[in-house]
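**Student:** Structure for this input, please:
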Amino acid sequence: MSALLLMGQAAGGQMSGVPIPYSLRMDGWVTIVLLVCFCFSSWVLSHSRKFLLQQGRDFILHRERADLFAVSTGSDVRFLLLLVGQTCVLAGIYLFDCFSGVQPVLAGDITSWKPMGIYMLVCLGYVFVKWLLYSFIGWIFFDKDKVSLWIESYSTLLYYLGFALFPLVLFIVYFNVNLELVCITGLSLVVIFKILSLYKWLKLFCNNLYGCFLLILYFCALEIIPCLMLYRGLEQLNNYWIIKS
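**Tutor:** Numbering: from 1, shown residues only. This next block holds a predicted model:
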């Protein structure tokens, strides 16, 4: 029956093709973005490797004040700020894959680069707002030098998160990875990120048991709740796109 139908369509001169569903691996822009990220990461690792290792050591081996013998330069700082942007770009691609797996219309009926680009901008805005919150709360409640060390430590976590996200996004784009495994891996990275953040908070700001209790409250207010708000906000944004399409 299907063969007769195809023959009839061919005889009538009208052959309807089956549309190929959207896939990240077939998106040329995603490939270009990943290639740029790879080249940039390689450039940073070749020119600022010592500074990155120093940042990692400073995070693990707690210090109370800025290192007078730091080997950072102006170019190091610029490169590392761009690394934060790269982390946001990779996080945007990751979020797009997760949400489009749950709601395929995001990658079908509407232009795919729009939600992906918005996710990247939302991640960048999220990081910027977190920096502002840390600076404001620290200016009110904590010592200025310790707050500066915390912002530096938070930035270090973002640098290394970007390096961890890159192979994950590569697997997501070019391999048929199960959505559940993608979500579990991403959540594991977030949990590790938050645990390391709490570790650094305790090292920098905890002086006694009472201080630890208040610190956990601050941690929930500045780390856990914003993540839930970000997730809820992206859900509402997806629903708006779906209704509009």
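**Student:** Could you report the neighbour count for I151?
**Tutor:** 15 (other C-beta atoms under 10 Å). (C-beta placed from N, C-alpha, C; glycine too.)
**Student:** Packing partners of the lengthiest helix in the chain?
**Tutor:** Ranked by residue count, the top helix of the chain under DSSP state H comes out as helix 144-174. Judged by 3 or more C-beta pairs under 8 Å, 6 or more residues apart in numbering; DSSP states H and E, the packing partners of helix 144-174 are helix 28-47, helix 49-60, helix 74-102, helix 113-141, helix 179-205.
**Student:** so which of these comes closest to E152?
**Tutor:** helix 49-60 (7.5 Å; C-beta to C-beta).
**Student:** Please save the CA atoms from that closest one in PDB.
**Tutor:** In PDB, the C-alpha atoms belonging to helix 49-60 read as follows (Å, rounded to 0.1, in the frame of the first residue of the first chain):
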ATOM      1  CA  ARG A  49      48.300  28.100  32.700                       C
ATOM      2  CA  LYS A  50      50.400  29.100  35.600                       C
ATOM      3  CA  PHE A  51      47.900  31.700  36.700                       C
ATOM      4  CA  LEU A  52      45.000  29.200  36.500                       C
ATOM      5  CA  LEU A  53      47.000  26.700  38.600                       C
ATOM      6  CA  GLN A  54      47.800  29.400  41.100                       C
ATOM      7  CA  GLN A  55      44.100  30.300  41.300                       C
ATOM      8  CA  GLY A  56      43.300  26.600  42.000                       C
ATOM      9  CA  ARG A  57      45.900  26.300  44.700                       C
ATOM     10  CA  ASP A  58      44.700  29.500  46.300                       C
ATOM     11  CA  PHE A  59      41.200  28.100  46.400                       C
ATOM     12  CA  ILE A  60      42.100  24.800  48.000                       C
END
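**Student:** hang on, the earlier thing: deepest of the helices and strands packed on helix 144-174, which one?
**Tutor:** Between those, helix 74-102 has the highest mean count of neighbours, a mean of 19, where neighbours are mean count of other C-beta atoms under 10 Å.
**Student:** Now the longest helix of the chain: buried residues?
**Tutor:** For helix 144-174, a neighbour-count test (16 or more other C-beta atoms under 10 Å) marks 147, 149-150, 153-166, 168-169, 172-173 as buried.
**Student:** Please consider this matter closed, and thank you.
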